[in-house]
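Asker: Give me a 3D structure for the following:
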Amino acid sequence: MAAELDGDKFAPEPLTAEMTAAFASRKLEDAPLHVQGDIPEWVQPSFEENFDEDWLEEAQALAGRPALDLRVNTLKATRDKVLKALDRSGVEPAAIARNGIRVKAGEGASRLPNVTAEISFEKGWFEVQDEGSQIVADLVMPKEGDQILDYCAGGGGKTLAMAAAMNNKGQIHAYDTDRKRLAPIIERLKRAGTRNVQVHDRLEGLKPFTGKFDRVLVDAPCTGTGTWRRRPDTKWRLTQKNLEERLGQQQEALAGAASFVRPGGHLIYVTCSVLPEENEAQVYAFCEDNPEFEILSAADAWADLFGTDKRQPWSADMKTVTLTPASTDTDGFFFCLMGRKS
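Answerer: Sure thing, here's the model as predicted:
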């Protein structure tokens with residue numbers, strides 16, 4: 001490299017022999033723990049609180065190279081059919097998600113295939129969706145005939161997954177305050193052949209459904225710490241102020257969504273964060289302030305859907321669960337199921 005820059009007036013000064021020797025002698029294991037974990041120093045206490053002695057392994061896994069995950073749209077195709085259609089892309093069944101397909105991360109300069117250029121994608125046979133996102137959508141346990149509200153629907157990834165699980169029977173109302181984030185859902189619904197979704201960008205349109213939904217999903221705005229391996233630059237832009245803003249938005253979303261849950265229904269809280277401030281702290285505080293809601297165990301739903309012989313999420317008691325690259329080989333997602341008392 002020094003030879004290539006020789007004579008370039010804009011090149012930096014060459015390293016001295018002492019500097020070169022210092023770089024060559026350094027070892028990562030001698031660095032501070034937050035450096036070893038490749039995370040900002042100020043979030044280390046949150047990782048320690050959430051993952052106990054496993055926090056460093058969890059942090060390091062968030063710096064790994066992610067795979068490409070797809071969800072088979074069961075309204076139009078089977079997993080075997082999509083696997084066959086994409087066989088040249090090196091696809092394989094996902095390890096946990098029931099309708100998931102994975103393209104493993106490559107090595108070095110290798111690139112993942114552009115699966116959205118495939119005819120099978122245009123036909124609506126599959127969607128690009130991280131396996132963790134597929135799993136939490138499944139844990140909502142949507143059933144045929146249900147009335148469901150996706151309160152922070154965004155681009156509609158979980159809406160589409162739930163609609164397919166319901167076989168187009170029942171109704172999903174997809175709502176988001178951000179019209180720009182919500183806009184892609186229209187084309188995605190058409191391509192997927194989804195007929196049981198109504199899209200809302202105004203809260204007024206949902207008022208007649210107050211207290212009537214079987215399940216209300218709050219995929220809350222968050223810091224996105226669970227997606228750091230896909231967007232590593234964001235970890236260095238995250239600040240305490242950003243976190244505090246997200247905490248306020250999450251509390252507002254939970255409070256707003258709760259009014260739509262019928263007695264005996266379920267309120268589901270999801271983030272793509274691994275910070276306890278955004279996850280356990282939020283749901284326990286919410287239930288304390290709203291005693292008509294109680295946290296239900298996710299253990300039974302997990303066992304029914306995915307079994308006990310696969311990789312398990314991080315959890316202290318399997319009431320709430322956290323998916324992570326280290327535990328489930330997915331992006332980081334938090335899931336909590338709350339029931340409204342009759």
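Asker: Using PDB, list the CA coordinates for the longest helix along the chain.
Answerer: Across the chain, the longest stretch assigned as helix under DSSP state H is helix 240-258. C-alpha atoms of helix 240-258 as PDB (Å, rounded to 0.1, in the frame of the first residue of the first chain):
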ATOM      1  CA  GLN A 240     -28.500   8.200  24.600                       C
ATOM      2  CA  LYS A 241     -30.900  10.900  23.300                       C
ATOM      3  CA  ASN A 242     -31.900   8.600  20.400                       C
ATOM      4  CA  LEU A 243     -32.700   5.900  23.000                       C
ATOM      5  CA  GLU A 244     -34.700   8.200  25.100                       C
ATOM      6  CA  GLU A 245     -36.800   9.300  22.100                       C
ATOM      7  CA  ARG A 246     -37.500   5.700  21.200                       C
ATOM      8  CA  LEU A 247     -38.600   4.900  24.800                       C
ATOM      9  CA  GLY A 248     -41.200   7.700  24.600                       C
ATOM     10  CA  GLN A 249     -42.400   6.500  21.200                       C
ATOM     11  CA  GLN A 250     -42.700   2.900  22.500                       C
ATOM     12  CA  GLN A 251     -44.800   4.000  25.500                       C
ATOM     13  CA  GLU A 252     -47.100   6.000  23.300                       C
ATOM     14  CA  ALA A 253     -47.500   3.100  20.900                       C
ATOM     15  CA  LEU A 254     -48.400   0.600  23.600                       C
ATOM     16  CA  ALA A 255     -50.800   3.000  25.200                       C
ATOM     17  CA  GLY A 256     -52.500   3.700  21.900                       C
ATOM     18  CA  ALA A 257     -52.700   0.100  20.800                       C
ATOM     19  CA  ALA A 258     -54.000  -1.300  24.100                       C
END
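Asker: Mind checking what helix or strand follows it in sequence?
Answerer: strand 261-271 (DSSP states H and E).
Asker: now the angle between strand 261-271 and the longest helix of the chain, please.
Answerer: Here the directions of helix 240-258 and strand 261-271 differ by 160 degrees (axes from the mean of the first three to the mean of the last three CA atoms, to 10 degrees).
Asker: What's the local residue count around residue 334?
Answerer: Here the count is done by other CB atoms under 10 Å, and residue 334 has 29 residues near it. Glycine gets a C-beta too; all of them are placed from N, C-alpha and C.
Asker: same check, this time on residue 117
Answerer: Residue 117 has 8 neighbouring residues, counting by other CB under 10 Å.
Asker: now residue 191
Answerer: Using other CB under 10 Å, residue 191 has 17 other residues around it.
Asker: Please apply the same query to residue 319.
Answerer: Burial of residue 319 is recorded as 16 neighbouring residues (other CB under 10 Å).
Asker: which residues touch it?
Answerer: Residues near residue 319 by CB atoms under 8 Å, 6 or more residues apart in numbering: 295, 296, 297, 298, 299, 336.
Asker: any chance of the residues you listed in a markdown table, with distance to residue 110 and secondary structure too?
Answerer: Below are those laid out as a markdown table (distance: CB to CB, whole Å; DSSP: H, G, I helix; E, B strand; the rest coil):
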| residue | distance to residue 110 | secondary structure |
| --- | --- | --- |
| 295 | 43 | strand |
| 296 | 43 | strand |
| 297 | 41 | coil |
| 298 | 36 | coil |
| 299 | 38 | helix |
| 336 | 37 | strand |
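Asker: So among the residues you listed, which ones count as buried?
Answerer: 295, 296, 298, 336 (16 or more other CB atoms under 10 Å).
Asker: Just the pLDDT for the third one.
Answerer: The predicted local distance difference test score for residue 298 is 92.
Asker: Distance check, it against residue 304.
Answerer: Counting by CB to CB, to the nearest Å, the gap from residue 298 to residue 304 is 11 Å.
Asker: where in the protein is pLDDT low?
Answerer: The chain contains residues with pLDDT under 70 at 1-9, 22-23, 25, 108-109.
Asker: if we go to 90?
Answerer: The model of the chain has pLDDT under 90 over residues 1-32, 105-112, 299-301, 308, 316-318, 342.
Asker: Looking at the buried ones among the contacts of residue 319, spot the one nearest residue 187.
Answerer: Ranked by distance to residue 187 (CB to CB), these are led by residue 336 at 31.0 Å.
Asker: Would you check that the closest one makes contact with residue 284?
Answerer: No - Residue 336 is beyond contact range of residue 284, at 9.1 Å (criterion: CB atoms under 8 Å).
Asker: can you list residues touching both of the two?
Answerer: By CB under 8 Å, 6+ apart, the residues touching both residue 336 and residue 284 are residue 295.
Asker: Test my guess that residue 226 contacts residue 279.
Answerer: No - if you go by CB under 8 Å, residue 226 and residue 279 don't touch, sitting 9.9 Å apart.
Asker: Mutual contacts of these two, please.
Answerer: Common neighbours of residue 226 and residue 279 (criterion: CB under 8 Å, 6+ apart): 271, 273, 334.
Asker: Wait, a strand at the last one?
Answerer: Looking back up the chat, that one is residue 334. Yes - using DSSP: H, G, I helix; E, B strand; the rest coil, the assignment for residue 334 is a strand.
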